[in-house]
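[1] missing the sequence, but the structure's below:
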């Protein structure tokens, strides 16, 4: 009789142990949720503080007349814009639905940096600058109000915990389709951002340098059928099954936009290819294939060779690869135009290579088509040795400097010597005006497993 009771006793003990284990798991899970909830709330509050400070500092900037005070305000706005963007990026939100908010914060910081450079050069804000700052402040105030509208929900703990618990349930796929309160508010905010200032500084070698520039592209206007043919030719006739016309491009150049349906698409997936062909000259401007690249089978140097050959075959001659970045098994490579041995940084082309099979999945020649022309290159007033004397004595330069044209914040170009310099194990690129000896730009070279960038 006692022996028959042993399994029952063991089963009861097992049930108790399992229940205790389940309770501890439940409690640990709740602790984890509470920890993340507190983390998200802190980031949320920090974002509110960043945005409110931005709005306040812009208002101060608009009434300030002292250069020293302006420098402090510019620095604060820049720091808070980037901090807000960083905090926002870590919140449990579908970021594709708030991309304009993130872009707004990023460009606000970059625009502020451009204005601070003007301030350092003794230039005053013009009417356009004032108008842009007022609009930036208006958007910052709106964003602050929307964030405050979520304040009570965040305090009650119902915002982040709800998000976390949904993501831990079997109903994840269904719930993920629903917008959280935070997403809804931020989506409404970005819907109000119909237009915001376009005079944005986003790096000297970036697309923003072409805003306001009169395109230099010349040629006869291409008709829709001709543009359609060129779109297919650019991608490859063997690739394309069907071509359809999309809405008009909103690029700096008027263009025809087409959607190409590939022949060898994955089963159940369209994987369309989007391409813009300029109306003037019928030149390929943009191409994007958003197919998923599962793994990397080829190296970055191999991808660069593939991209260089592609540009040569498509008629883009004398292009030199400069810097690249790997993301999601795709390598993005920047190319600059070479004229008589001089690098033309304003004439930029970007090429994206899929690292699984080496196909071209992205192409952007917009900046090249807008700014490329034959420059009248004159001999520099300074010799390489004289220019080297303008570089800090604390750095070591090991190679001969290269001549180049670099774009400025405000649609001009500067003829420079490019020095590659070393300092305490870091690599820098220093740009010295080839005529005046002024130090125009300094960039730090960042090498990582994902590629090479200058910041």
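    Noted; the coordinates are in hand. Note that the structure is predicted; figures quoted are calculated from it, not measured. Numbering: from 1, shown residues only.
[2] Every contact and neighbour count from this point should use C-alpha atoms.
    Noted.
[3] From what I see, residue 336 and residue 321 are in contact.
    Yes - applying Cα atoms under 8 Å, one finds residue 336 in contact with residue 321, separated by 6.6 Å.
[4] Between the two, tell me which one has more neighbours.
    Here residue 336 and residue 321 are compared on neighbour count by other Cα atoms under 10 Å; more neighbours surround residue 336, at 22 against 19.
[5] Run through the residues that contact that one.
    319, 320, 321, 322, 343, 344, 345, 346, 347, 348, 349 (Cα atoms under 8 Å, 6 or more residues apart in numbering).
[6] tell me the pLDDT at it?
    As predicted, residue 336 sits at a pLDDT of 95.
[7] Name every strand pairing with the longest strand out of those in the chain and say which way it goes.
    Among all segments of the chain classified by DSSP state E, the strand with the greatest residue count is strand 342-354. In the sheet, strand 342-354 lines up against strand 330-339 (antiparallel), strand 360-364 (antiparallel), strand 402-407 (parallel) (DSSP bridges).
[8] need the next SSE after the shortest one, C-terminal direction.
    Pointing back at strand 360-364 there. helix 366-371 (DSSP states H and E).
[9] tell me what that next one is packed against?
    strand 284-289, strand 342-354 (3 or more Cα pairs under 8 Å, 6 or more residues apart in numbering; DSSP states H and E).
[10] deepest of the strands paired with strand 342-354, which one?
    The highest mean neighbour count among the strands paired with strand 342-354 belongs to strand 330-339 (a mean of 23), with neighbours defined as mean count of other Cα atoms under 10 Å.
[11] Quick one: low-confidence residue ranges for the protein.
    Low-confidence regions of the chain, defined by pLDDT under 70, span residues 1-41, 65, 90-100, 150-214, 238, 247-252, 264-270, 409-411, 448-455.
[12] Which stretches in it count as strands?
    With DSSP E as the definition, the chain shows strands at residue ranges 240-245, 255-262, 273-278, 284-289, 319-327, 330-339, 342-354, 360-364, 396-397, 402-407, 413-423, 426-433, 439-448, 451-454.
[13] returning to that earlier point: got a list of contacts for the longest strand of the chain?
    Applying Cα under 8 Å, 6+ apart, the contact partners of strand 342-354 are 205, 293, 296, 303, 306-307, 329-338, 359-369, 371-372, 402-407, 413.
[14] what separates residue 371 from residue 414, distance-wise?
    Note on residue 371: its distance to residue 414, by Cα to Cα, to the nearest Å, is 14 Å.
[15] Now for the nearest residue to residue 383 once chain neighbours are set aside: which residues touch it?
    Spatial nearest neighbour of residue 383, chain neighbours left out: residue 434 (7.9 Å); criterion: Cα to Cα, 6 or more residues apart in numbering. With contact set as Cα under 8 Å, 6+ apart, residue 434 has these partners: 380, 381, 382, 383, 387, 403, 415, 416, 417.
[16] If you go by neighbour count, which of those are buried?
    382, 387, 403, 415, 416, 417 (16 or more other Cα atoms under 10 Å).
[17] Kindly reformat the strands paired with strand 342-354 as JSON lines and extend each row with distance to residue 428.
    Rendered in JSON lines, the data for those read as follows (distance: least, Cα to Cα, whole Å):
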{"stretch": "strand 330-339", "distance to residue 428": "18"}
{"stretch": "strand 360-364", "distance to residue 428": "27"}
{"stretch": "strand 402-407", "distance to residue 428": "14"}
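[18] Nearest approach to residue 392 belongs to which of the ones you listed?
    Go through the strands paired with strand 342-354 one by one with Cα to Cα and the one that ends up closest to residue 392 is strand 402-407, at 17.3 Å.
[19] ok and the closest one relative to strand 439-448, angle-wise?
    Comparing the axes of strand 402-407 and strand 439-448 via axes from the mean of the first three to the mean of the last three Cα atoms, to 10 degrees yields an angle of 100 degrees.
[20] Show me the helices in the chain, by range?
    The residue ranges that make up the helices of the chain, judged by DSSP state H, are 2-63, 67-89, 99-120, 127-149, 151-156, 160-167, 172-176, 181-192, 224-235, 300-313, 366-371, 384-388.
[21] got the contact list for the second one?
    When contacts are taken as Cα under 8 Å, 6+ apart, the neighbours of helix 67-89 outside the stretch itself are 43-44, 46-48, 50-51, 53-54, 57-58, 60-61, 64, 95, 102, 105-106, 108-110, 112-113, 115-116, 119.
[22] do the last one as well
    With Cα under 8 Å, 6+ apart as the test, helix 384-388 has contacts from 400, 401, 417, 432, 433, 434, 437.
[23] please redo it, this time with the cut-off set to 6 Å
    Residues outside helix 384-388 that contact it (Cα atoms under 6 Å, 6 or more residues apart in numbering) are residue 437.
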